[in-house]
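>>> The amino acid sequence is not available; the structure is as follows:
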């Protein structure tokens with residue numbers, strides 16, 4: 001233990017002497033957390049819409065007013081010409097347009113029904129689909145208002161129509177704040193990147209400056225050298241997670257429903273796994289540039305398959321099978337379960353078992369790959 005202690009002390013002295021590594025450890029994660037949590041959002045607002053009003057009645061103006069007052073739509077303008085709306089849509093000046101036909105109000109009162117046309121720019125499929133869903137919801141509200149308005153004029157207007165009352169309850173994220181969903185995942189991403197990159201580059205740096213040969217001929221045992229190399233970055237990873245959780249609480253107002261200790265317990269195992277990945281990368285790399293390229297390639301794949309930006313359920317079947325080999329996916333699921341839902345160990349024991357398997361497996365392979373001659 002005394003030998004490991006001195007190696008750890010040496011590593012910390014090297015880390016704090018390296019002016020290039022300190023910003024990577026302490027500054028960049030904070031900036032990324034502040035920026036990514038606001039930039040990486042699927043909340044779609046300010047959908048640009050134009051309305052073709054061929055009726056110009058009080059009812060059509062009421063519909064226009066509802067779109068103008070909505071937080072999700074930005075009313076670019078109204079027109080009587082389909083050609084103008086088509087040109088705006090083709091030029092990307094609007095995302096959708098709605099055509100209110102002539103005699104819209106009259107036919108609605110007399111025939112108890114009417115039709116409108118909604119044309120959506122579906123180049124961005126997600127935005128187009130969300131815009132259509134928002135419009136559908138707005139139209140349903142508009143329909144209820146109109147039925148109540150004209151029920152006094154036409155007694156058959158709401159005949160044979162049963163009213164359904166829906167009581168909506170949003171659990172775990174009542175305000176539907178997308179940052180509450182994203183921030184825990186971004187925390188995992190930052191911890192994984194720090195641990196993997198720094199572990200891989202630190203050991204390869206010993207190769208580049210030639211000190212690895214000096215260490216290999218010393219009586220230091222392999223496990224002592226590797227433990228001394230990995231423990232400092234394990235501690236830094238835990239510190240980054242704690243600091244990130246403080247930022248999440250103060251700046252984004254995220255409350256921790258579950259056990260913080262349980263998060264750190266899993267983080268301890270997770271860091272061992274990703275540090276093992278960094279150690280393995282260092283055994284197959286000869287330069288820091290090569291190690292960084294390999295680490296970045298693997299992390300990009302892990303991030304895309306983690307469910308952070310795209311739900312795993314929406315991926316093809318063969319891709320979903322690959323996610324079972326992704327440690328980042330399990331930590332993102334677990335931290336969201338604990339932070340937002342208050343899950344306990346019984347709910348997350350499968351995640352613990354899988355992560356422990358990853359940690360043991362990747363470190364065994366990495367240690368086997370690392371060669372030291374005494």
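Noted; the coordinates are in hand. Not measured: the values here are computed from a predicted model.
>>> For this protein, which helix or strand comes out least confident on mean pLDDT?
Scoring the helices and strands of the chain by mean pLDDT, DSSP states H and E places helix 211-216 at the bottom, with a mean of 69.
>>> contacting residues around stretch 172-191?
Contacting residues not belonging to stretch 172-191 are listed as 29, 32-33, 36-38, 40-43, 170, 237, 240-241, 244-245, 248, 252, 254, 257, 267, 270-271, 274, 303, 306-308, 328, 331-332, 335-336, 339-341 [Cβ atoms under 8 Å, 6 or more residues apart in numbering]. C-beta here means a position set from N, CA and C on the backbone, and glycine is covered the same way.
>>> Tell me the buried residues within these.
When neighbours are counted using 16 or more other Cβ atoms under 10 Å, the contacts of stretch 172-191 contain these buried positions: 29, 32-33, 36-37, 40, 237, 240-241, 244-245, 248, 252, 254, 267, 270-271, 274, 303, 306-308, 328, 331-332, 335-336, 339-340.
>>> Report the spatially nearest residue to the residue positioned nearest the centre of the chain, omitting neighbours in sequence.
With distances taken as Cα atoms, centre = their mean, residue 308 lies nearest the centre of the chain, 3.7 Å away. Leaving aside its chain neighbours, residue 308 sits nearest to residue 185 (4.3 Å; criterion: Cβ to Cβ, 6 or more residues apart in numbering).
>>> What score does that neighbour have for pLDDT?
With respect to pLDDT, residue 185 has a value of 88.
>>> dump the residue contacts of the residue nearest to the centre of the chain.
For residue 308, counting by Cβ under 8 Å, 6+ apart, the contacting residues are 40, 182, 185-186, 188-189, 328, 332.
>>> Residue 53 and residue 80 touch, don't they?
Yes. Because the distance of 6.9 Å satisfies Cβ atoms under 8 Å, residue 53 is recorded as touching residue 80.
>>> And these two? Which one has more around it.
For residue 53 versus residue 80, neighbours defined as other Cβ atoms under 10 Å are more numerous around residue 53 (20 against 11).
>>> Pairing partners for the helix or strand containing residue 50, with directions?
Assigned by DSSP states H and E, residue 50 belongs to strand 47-53. Sheet pairing here is set by DSSP bridges, and for strand 47-53 it gives strand 73-79 (parallel), strand 96-100 (parallel).
>>> Just say which of those is most tucked in.
The densest packing among those, expressed as mean neighbour count by mean count of other Cβ atoms under 10 Å, is seen in strand 96-100 with a mean of 22.
>>> From the chain's centroid, how far away is that one?
In this view, strand 96-100 has its centroid 33 Å away from the chain centroid, taken as Cα atoms, centre = their mean, to the nearest Å.
>>> Quick check: which helices or strands does the helix or strand that it is followed by pack against?
Where DSSP H and E defines the elements, the next helix or strand beyond strand 96-100 is helix 104-111. Contacts of helix 104-111 with other secondary structure elements, assessed using 3 or more Cβ pairs under 8 Å, 6 or more residues apart in numbering; DSSP states H and E, are made with helix 58-69, helix 125-150.
>>> average model confidence for helix 104-111?
Helix 104-111 comes out with an average pLDDT of 76.
>>> got the contact list for whichever helix or strand comes after that helix?
Proceeding C-terminally, helix 104-111 gives way to strand 117-120 as the next helix or strand, assigned by DSSP H and E. By Cβ under 8 Å, 6+ apart, the surrounding residues in contact with strand 117-120 are 85, 89, 95-99, 101, 128, 131-132, 135.
>>> coming back round to it: any chance of the strands paired with strand 47-53 in JSON lines, with mean pLDDT and distance to residue 210 too?
Putting the strands paired with strand 47-53 into JSON lines (pLDDT from 0 to 100; distance: least, Cβ to Cβ, whole Å) gives the following:
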{"stretch": "strand 73-79", "mean pLDDT": "90", "distance to residue 210": "61"}
{"stretch": "strand 96-100", "mean pLDDT": "89", "distance to residue 210": "63"}
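>>> Which one of these lies nearest to residue 229?
strand 73-79 (54.0 Å; Cβ to Cβ).
>>> what does that closest one contact?
Taking Cβ under 8 Å, 6+ apart as the criterion, the residues outside strand 73-79 that touch it are 46-53, 64, 67-68, 85, 88, 93-94, 134, 138.
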